[in-house]
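[1] I need the structure of the sequence given here:
(chains A and B)
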Amino acid sequence: GEDVEQSLFLSVREGDSSVINCTYTDSSSTYLYWYKQEPGAGLQLLTYIFSNMDMKQDQRLTVLLNKKDKHLSLRIADTQTGDSAIYFCAEQRGSARQLTFGSGTQLTVLP
Amino acid sequence: DGGITQSPKYLFRKEGQNVTLSCEQNLNHDAMYWYRQDPGQGLRLIYYSQIVNDFQKGDIAEGYSVSREKKESFPLTVTSAQKNPTAFYLCASSTPGQPNTEAFFGQGTRLTVV
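    Okay, the predicted model is just below:
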């Protein structure tokens, strides 16, 4: 199975909050990331969190980290249609600090 | 503007042919990476390079080759040995010497074998 796991799909109504969840396996990971991918495009970094933090807020985005359970979540407040995309969580590991990605969560925002 | 550029955006290849995907960055990053993306499988690491003239295999290196002759460039060759090459390929770069190794991505190359 995947080292980093995410549910594949999430649908929310415009204006509601979205919560995308992720579990990872490497307890030595120092940074965890959330990337956004729009159709046919590369990945855009949304936010990241250092492993000694529990929470990070950046405008409409809130990241929660439960290191004990190896659980990471991304909350998007007031979700808009432009937020429809695939969201990837990633953990940093290895000597080259390469990123290991989850399978991505397809977020669909309904009007 | 600094960035990472992949070309071409779309590429078609006949079975049995090798093809090379280009990746160039002007961010002065030491490390560069190639990922393959298939639907529902996220990104898988093919090769990475931490410094010029050095590179390591990632999780799915079979059927691929790379070179790193210049800091700015990290081309990926998809050889005829790659059994299922049709995919979306993403190149990234970062500065692994710093604690936060945020990776910057190119816009990707979609390779189709016909």
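[2] Show me what from chain B comes close to chain A.
    Within reach of chain A by C-beta under 8 Å from any C-beta of the partner chain, chain B has these residues: B:6, B:31, B:33, B:35, B:40-45, B:48, B:50, B:56, B:58, B:90, B:92, B:94, B:96, B:99-108, B:110. The C-beta positions use only the backbone N, C-alpha and C, and glycine is treated the same way.
[3] Can you list which of those residues are found in strands?
    Among the residues of chain B next to chain A, DSSP state E puts B:6, B:31, B:33, B:35, B:43-45, B:48, B:50, B:56, B:90, B:92, B:94, B:104-105, B:110 in strands.
[4] so which pair among the residues you listed is furthest apart in space?
    Spatially, the most separated pair among those is B:50 and B:110, at 27.2 Å (C-beta to C-beta).
[5] if you count what's nearby, which of the two comes out ahead?
    With neighbours defined as other C-beta atoms under 10 Å in any protein chain shown, residue B:50 and residue B:110 compare such that residue B:50 has more, 19 against 15.
[6] For the spatially most central residue of chain B, list the residues it contacts.
    With distances taken as C-alpha atoms, centre = their mean, the residue of chain B nearest its centroid is residue B:34 (2.8 Å). Taking C-beta atoms under 8 Å, 6 or more residues apart in numbering or on different chains as the criterion, residue B:34 is in contact with B:21, B:23, B:45-48, B:58, B:64, B:66, B:74, B:76, B:89-92.
[7] returning to what we had before: only the buried subset of the residues of chain B next to chain A, as a PyMOL command please.
    In PyMOL, a selection of the buried entries from the residues of chain B next to chain A looks like this (16 or more other C-beta atoms under 10 Å in any protein chain shown):
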select buried, chain B and resi 6+31+33+35+42+43+44+45+48+50+58+90+92+94+96+101+103+104+105+106+107+108
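[8] Can you list the low-confidence ranges for chain A?
    Chain A contains residues with pLDDT under 70 at A:1-2, A:94-96.
[9] who in it is up against chain B?
    Within chain A, the positions adjacent to chain B are A:2, A:4, A:8, A:30-31, A:33, A:35, A:40-45, A:48, A:50, A:88, A:92, A:95-104 by C-beta under 8 Å from any C-beta.
[10] Which stretches in chain A count as strands?
    A:5-6, A:9-13, A:18-23, A:31-37, A:43-50, A:55-58, A:61-66, A:71-76, A:85-93, A:98-101, A:105-110.
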